[in-house]
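Asks: need a structure here:
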Amino acid sequence: MKKMALIASKGTLDMAYPPFILASTAAALGFEVQVFFTFYGLQLLRHDLSHVKISPLANPAMPMPVPMPVMVQMLPGMESMATAMMKSKLKKKGVASLEELRDLCVEAGVKFVACQMTVDLFDFKKSDFIQEAEWGGAATFLEFAGEADVSLFI
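Replies: Predicted structure coming up:
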């Protein structure tokens, strides 16, 4: 059986989709999949994903309806506006929500590993995260990744 190892290190909306899409697709194709959530990627294992936002600031490739100078992107409320616009576009185009994609991964047997060091660093509790999350460190990830056919850092 082929194996795919992913590291999810970002917790923004635009960086949340790739690990869930890749993991669910690989699992559907018969891969054994493990995702190691570290640093800000841990946000993707929290019960509620409604807090996941996108920032137009320092995201120059983000398509906007009109060109926006950096100063405008810094104004209060721009992050919320950009997040609402992106979520609306995703829904309009029929793209699954983060919750739906995460559920697909769980149903397909994707293993989610929360980085224990990062959990400790940010004073998180296990109760902050979905029950499907397992706990491990870099050695846990490397044991799996060392035998993986595909390893990606997102």
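
Asks: now the strands for this structure?
Replies: 3-8, 32-37, 111-115, 133-136, 150-153 (DSSP state E).

Asks: now for F112: which residues touch it?
Replies: Residues in contact with F112 (CB atoms under 8 Å, 6 or more residues apart in numbering) are 34-35, 37, 45, 105-106, 130, 132-134. Just so you know, the C-beta spots here come from the backbone N, C-alpha and C atoms, and that holds for glycine as well.

Asks: give the contact list for the residue nearest to the spatial centre of the chain.
Replies: The chain has A16 as the residue nearest its centroid, 2.9 Å off, counting by CA atoms, centre = their mean. By CB under 8 Å, 6+ apart, the contact list for A16 reads 8, 10, 43-44, 49, 52, 98.

Asks: out of these, who has the most neighbours?
Replies: Neighbour counts for these peak at A8, which has 29 neighbours (criterion: other CB atoms under 10 Å).

Asks: I'd assumed T38 was in contact with that residue.
Replies: Yes - contact between A8 and T38 holds when scored by CB atoms under 8 Å: they sit 7.4 Å apart.

Asks: need the residues touching each of the two.
Replies: Taking CB under 8 Å, 6+ apart as the contact criterion, A8 and T38 have no common neighbours.

Asks: let me have the strands of the chain in a markdown table, adding mean pLDDT and distance to A84 as columns.
Replies: Shown next, in a markdown table, are the strands of the chain (pLDDT from 0 to 100; distance: least, CB to CB, whole Å):
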| stretch | mean pLDDT | distance to A84 |
| --- | --- | --- |
| strand 3-8 | 98 | 23 |
| strand 32-37 | 98 | 25 |
| strand 111-115 | 98 | 27 |
| strand 133-136 | 96 | 28 |
| strand 150-153 | 97 | 29 |
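
Asks: of those, which is nearest M86?
Replies: Closest approach to M86 among those is made by strand 3-8 (18.3 Å; CB to CB).

Asks: so the closest one versus strand 111-115, what angle?
Replies: 40 degrees (axes from the mean of the first three to the mean of the last three CA atoms, to 10 degrees).

Asks: and for strand 3-8, what's in contact with it?
Replies: Strand 3-8 is contacted by residues 15-16, 19, 22-23, 26, 31-38, 41, 44, 141, 144-145, 147-154 when judged by CB under 8 Å, 6+ apart.

Asks: each with direction, which strands does that strand pair with?
Replies: Strand pairing for strand 3-8, determined by DSSP bridges: strand 32-37 (parallel), strand 150-153 (parallel).
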